[in-house]
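Q: Sequence first, predicted coordinates after that:
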Amino acid sequence: MAFDVNKIREDFPILKRKVNGYPLVYFDNAATSQKPSKVIDSIVDYYSNYNSNIHRGVHSISQEATDAYEDARKKIQEHFNVKDSNEIILTSGTTHSINLVANGFTNLLSKDDEILISELEHHSNIVPWQMMCEKNGAKIKVIPLTSKGELNYDSFLNLLSKKTKLVFVNHVSNALGTINPIKSIISKAHEFGAAVLIDGAQASSHIKADLQELNVDFYTTSAHKLCGPTGIGMLFGKKEWLNKMPPYQGGGEMISEVTFEKTTYAGLPHKFEAGTPNIVGAIGFGMALDYLNNLGFDSIEFYETELLNYATNKLKEIPGFKMYGEAKHKTSVISFNIGELHSYDIGTILDKFGIAVRTGQHCAQPVMDYFGISGTVRASFSFYNTKEEIDYFCKSLERAVAMLS
Amino acid sequence: MAFDVNKIREDFPILKRKVNGYPLVYFDNAATSQKPSKVIDSIVDYYSNYNSNIHRGVHSISQEATDAYEDARKKIQEHFNVKDSNEIILTSGTTHSINLVANGFTNLLSKDDEILISELEHHSNIVPWQMMCEKNGAKIKVIPLTSKGELNYDSFLNLLSKKTKLVFVNHVSNALGTINPIKSIISKAHEFGAAVLIDGAQASSHIKADLQELNVDFYTTSAHKLCGPTGIGMLFGKKEWLNKMPPYQGGGEMISEVTFEKTTYAGLPHKFEAGTPNIVGAIGFGMALDYLNNLGFDSIEFYETELLNYATNKLKEIPGFKMYGEAKHKTSVISFNIGELHSYDIGTILDKFGIAVRTGQHCAQPVMDYFGISGTVRASFSFYNTKEEIDYFCKSLERAVAMLS
Amino acid sequence: MNIIEVQNEIVEEFSLFEDWMQRYEYMIELGKSIELIDPSNKVDSNLIKGCQSKLWLHAELNDDKLIFKADSEAIITKGIAAVLLRVFSNQTPKNIIEANLEFIDKIGLKEHLSPTRANGLLSMIKQIKYYALAFNKN
Amino acid sequence: MNIIEVQNEIVEEFSLFEDWMQRYEYMIELGKSIELIDPSNKVDSNLIKGCQSKLWLHAELNDDKLIFKADSEAIITKGIAAVLLRVFSNQTPKNIIEANLEFIDKIGLKEHLSPTRANGLLSMIKQIKYYALAFNKN
Ligand SMILES: Cc1ncc(COP(=O)(O)O)c(C=O)c1O
Ligand SMILES: Cc1ncc(COP(=O)(O)O)c(C=O)c1O
């Protein structure tokens, strides 16, 4: 099946929209993805036909909603090739997932332990660990960057020791698009007995991760990054770890017995899913995975790489263009500045042309500090973008630069 | 404007549905509410026209999404008559809200402190405090029930002391429908310097709470209980308290500066809203409040009380009918058993007739323990229900009883 | 009778009913006539999870056959248990392990087979098969 | 000129432009010609929050008039600041407090007035009014 982008674009209602009089060119995909009708329809279908609170409900629509919710978990399990569906915890997103793990490790670590965090991380994979370390005294060591925006693998090896208990790396950097060598990071960390959490938020719309093959301990993602709804995400955790971790939130669903004297917790995954979950979110998440798998991740990757190369080559011709992040393996993200121009100015003018890019620090201040800059313009492409959009983007960028210089 | 239930029913697509061949009679409103087209449409509109990640985005759709998200916060603020919109924290639901507060108080309390929890509480307002007390050693004291399912106010007064630091009561009990005298509970607790958290999850679809007038310290609710989407809720907290509490989750949005040495947190409300929020959820939440306010809470209350009285009188005629919860002030919830029949059996047969009720413990095991029962059948009515549905329900219930006896 | 014969007999019985009400009434009747578990065996370790009403299932080997007994607070659950016991009780572990479960669909209980249903049917079957496996090894 | 006269003058200037590009080009020009804040006043306490680019605003009283100076990393922000400074700098605190802000709408900057916009316009205005209030009391 050839990749027919014009046909695919018809799946996304928002792409018909105009912004400031121009057709929307949405290059802010790394911040959040757009949603195909299939996903939107699944939400409407839920609310119109079988909205109900789940679990323990005897009546039919409660059962239907429960089945749909649990089917979504199964779809996620299959997509990520996870052994046991109980290892999939539905959360409100990557940030929630990571905080859940950080809370779980608070009492498992102490002041002689070290955790390694890459300098490439999103704030969501830094701040929870800083908060945890304040409680248990564990030390954070930073895996530094190279000038190409890759992780310094030798430094990583040097930092690893018997003291290392946990390693945190994102699968793909949201600021630069770098695809990290997580497979070897995981196996090296395991040699030292350290567990590894991979933040897959930025990877999941581009790469289908096989979690059993990776042998990763924890993996997280957010549905909104992969054509799914807001307010839902997942945490994969190996059963051995999840069983060791205390529950994160208390409430309905996550208990088996409650008295004021003693409460016993439910088994996995419910132990970590307190309260009424984002039922419709889970259903939309599952549908988004169906949609992407139906397109095929190979086709997506192939096409997005084509867009990336096309855009990179065109942008390099613009005088003063400086790209941050030139990793050998990267997703379709271009983070750049032009001369001394401020990213905010460029973003503002591009918006006037109907083009959506992200500007600033991209929740990755350490990366910006590394390059000694206050921010970048980030154009991130998805499989529903086109070369024509890139042409228009480059032309508009040149006009913006002319206006601002 | 007269209350035209048939017209209102047309706002709810799900009410056209059949279950097991019969028209759906949805009496499980205390578990979750159904959604009017306006709310569903607002979700479709968001995803079809301005879906984008919010805050810090320079481009137009990001600004539109941010405005819509912040407008929702304003609507919530106005609805609950809150002074400052920064006192409204958007969470994923009541359970999340309560856990956030419990986490915030972990270091503010110590082993000489006491917290009062009512015996009427939902597990979501019990378990988080048990988890907190395990950490800081504070003691839980239980405000007991009376046989009518009301809080024993005298016991409450006796339990109050200078040691009391926090009091937790739900505004309305989900298991019995009891409306608690929160105004006097709050002012009594304040006399002793204790802060009060009111769990409004079950109240919000029936009662419009004026939080300034109540002078409450914390108030929580879930949008899914009041015609809004799943995966979104709110926490109101007085600024003085919210400023004292440490952040709950770390991540994007909730920081102002991040380095590996030191991270500084953002101001309210962002300090408590880590990560990409449930943007569409917030928008739907705001729209649900618009919808309910447009109907008018006075009309809703009036009509629901009519339904409650009508149903109570009819049900009382059924031999063996025993109602739990006969509070003077209660919402349109009837929790009951018939003779020795098990609630599960009744629920199963009613479902066969297309009627959705909840059966079991309703996440309130202490209430069931108090009455010495394993569960109840709970029929909970909303403003879109009708007397005809109640007639059909009673008739079907009698047939179920006949089959099961 | 072997398992297949019992299953066929049950399917035949249920095929006489015209609607769900008759089917449920019959199940409720069956529930009332179930051979109850000995009170001393109504212990937590015999409780089956995943059911809204308490449901106990006990197994013991009699010669080479497994004898199941069950009880539940809910009569419908008891009825479901009664159907299962008619099929599986007094059979050899090996036959139980190998038994297929199409009859559940045929008697209109398929809707109860989803893992999320609160009636415990699936958990009961799992537990029965689990007992059979355990006793088969001995 | 008093505040209203300056505002009218600015509105007139902007009314000549046919599209957003000319308007922005003009603002960028204004940004380049802004009277810059003294480097010694580019301190954190003069930073305005709510802007994606750093934006400093300094105020001092000269006789009975407030003199504002500003700077920003971003030229568009500087241009917006320049427009505001033309209106508010060299005016008495009282006049600043009383000034209305309709001109912002008229010159096509209204879209920037939402509290969630990352350009700092609203924060700048708040800070200017805040300074005026503070100096008015003295
Ligand atoms: C009184 C009460 N408190 C708390 C909750 C928990 O709300 P949620 O599941 O939306 O977090 C509920 C809902 O079941 C409730 O009725
Ligand atoms: C690499 C990475 N990690 C974590 C996150 C946080 O995800 P969320 O905001 O959905 O919790 C993001 C999204 O911005 C991301 O790109």
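A: Yes, it's here. Numbering: from 1, shown residues only, chains lettered A, B, ... in the order given. Ligands and ions are numbered 1, 2, ... in the order given.

Q: Please identify the helix or strand for residue C:133.
A: helix C:121-137 (DSSP states H and E).

Q: what about dumping the CA coordinates of that helix to PDB?
A: The C-alpha coordinates for helix C:121-137 follow below in PDB (Å, rounded to 0.1, in the frame of the first residue of the first chain):
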ATOM      1  CA  LEU C 121     -18.300 -17.500  35.700                       C
ATOM      2  CA  LEU C 122     -15.000 -17.200  34.000                       C
ATOM      3  CA  SER C 123     -13.200 -17.200  37.300                       C
ATOM      4  CA  MET C 124     -15.100 -20.400  38.300                       C
ATOM      5  CA  ILE C 125     -14.100 -22.100  35.100                       C
ATOM      6  CA  LYS C 126     -10.500 -21.100  35.600                       C
ATOM      7  CA  GLN C 127     -10.500 -22.400  39.100                       C
ATOM      8  CA  ILE C 128     -12.100 -25.700  38.000                       C
ATOM      9  CA  LYS C 129      -9.500 -26.200  35.300                       C
ATOM     10  CA  TYR C 130      -6.800 -25.200  37.800                       C
ATOM     11  CA  TYR C 131      -7.900 -27.800  40.300                       C
ATOM     12  CA  ALA C 132      -8.000 -30.400  37.500                       C
ATOM     13  CA  LEU C 133      -4.500 -29.500  36.600                       C
ATOM     14  CA  ALA C 134      -3.300 -29.600  40.100                       C
ATOM     15  CA  PHE C 135      -4.900 -33.000  40.800                       C
ATOM     16  CA  ASN C 136      -3.800 -34.400  37.500                       C
ATOM     17  CA  LYS C 137      -0.200 -33.900  38.400                       C
END
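
Q: which helices and strands sit right next to it?
A: Other helices and strands packing on helix C:121-137, by 3 or more CB pairs under 8 Å, 6 or more residues apart in numbering or on different chains; DSSP states H and E, are strand C:55-62, strand C:65-72, helix C:75-88, helix C:93-98. (Each C-beta comes from the backbone N, C-alpha and C, glycine too.)

Q: and residue A:280, how far is that from residue B:232?
A: As judged by CB to CB, to the nearest Å, residue A:280 and residue B:232 stand 11 Å apart.

Q: How about residue A:338?
A: Distance from residue A:338 to residue B:232, counting by CB to CB: 40 Å.

Q: cool, and residue A:146?
A: From residue A:146 to residue B:232 the distance is 41 Å (CB to CB).

Q: Between these two, which is the more surrounded one?
A: residue B:232 (31 against 16; other CB atoms under 10 Å in any protein chain shown).

Q: Whichever strand or helix holds residue A:129 near chain B anywhere?
A: Element membership for residue A:129, per DSSP H and E: helix A:127-136. Yes: contact of helix A:127-136 with chain B (CB under 8 Å from any CB of the partner chain) involves A:127, A:128, A:129, A:130, A:131.

Q: before we move on, what about stretch A:324-343?
A: No: using CB under 8 Å from any CB, we find that stretch A:324-343 stays clear of chain B, coming within 8.5 Å at best.

Q: For that stretch, buried residues please.
A: If you call a residue buried by 16 or more other CB atoms under 10 Å in any protein chain shown, then stretch A:324-343 has these buried ones: A:324-325, A:327, A:330-338, A:341-343.

Q: same deal with stretch A:106-125?
A: A:106, A:108-109, A:113-125.

Q: among those, which are in strands?
A: A:114, A:115, A:116, A:117, A:118 (DSSP state E).

Q: Report the mean per-residue pLDDT for the strand or helix carrying residue A:103.
A: Applying DSSP H and E as the criterion places residue A:103 in helix A:94-105. For helix A:94-105, the mean pLDDT works out to 97.

Q: In terms of secondary structure, what does that helix contact?
A: Using 3+ CB pairs under 8 Å, 6+ apart, helix A:94-105 sits against strand A:88-91, helix A:127-136, strand A:195-199, strand A:218-222, strand A:233-237, helix A:239-244.

Q: what residues are up against the closest residue to residue C:94 other than its chain neighbours?
A: What sits nearest to residue C:94 in space, not counting adjacent residues and going by CB to CB, 6 or more residues apart in numbering or on different chains, is residue C:136, at 6.0 Å. Contacts for residue C:136 were tallied using CB atoms under 8 Å, 6 or more residues apart in numbering or on different chains; they are C:93, C:94, C:97.

Q: Any chance of the residues you listed in a markdown table with neighbour count as columns?
A: Shown next, in a markdown table, are the contacts of residue C:136 (neighbours: other CB atoms under 10 Å in any protein chain shown):
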| residue | neighbour count |
| --- | --- |
| C:93 | 21 |
| C:94 | 12 |
| C:97 | 15 |
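
Q: OK, contacts around the most centrally placed residue in chain C?
A: The geometric centre of chain C, computed from its C-alpha atoms, lies nearest to residue C:84 (CA atoms, centre = their mean), at 2.3 Å. Listed by CB under 8 Å, 6+ apart, the contact partners of residue C:84 are C:68, C:70, C:121, C:124, C:125, C:128.

Q: For the nearest residue to the first one once chain neighbours are set aside, grab the count of nearby residues.
A: For residue C:68, the nearest residue in space outside its immediate sequence neighbours is residue C:89; the separation is 4.3 Å by CB to CB, 6+ apart. In terms of burial, residue C:89 registers 20 neighbours under the definition other CB under 10 Å.

Q: give me phi/psi at the closest residue to residue A:127 other than its chain neighbours?
A: Using CB to CB, 6+ apart and skipping residues adjacent in sequence, the residue nearest residue A:127 is residue B:250, 3.0 Å away. Main-chain torsions, residue B:250, degrees, to the nearest 10: phi -100, psi 150.

Q: Of the helices and strands packed on helix A:94-105, give the one that comes closest to residue B:385.
A: strand A:88-91 (30.8 Å; CB to CB).

Q: got a list of contacts for the closest one?
A: Here strand A:88-91 makes contact (CB under 8 Å, 6+ apart) with A:69, A:72-73, A:76-77, A:80, A:82, A:97, A:100, A:220, A:232-237, A:242, A:268-269, A:272-273, A:277-278, A:282, A:285.

Q: I am finished for the moment; much appreciated.
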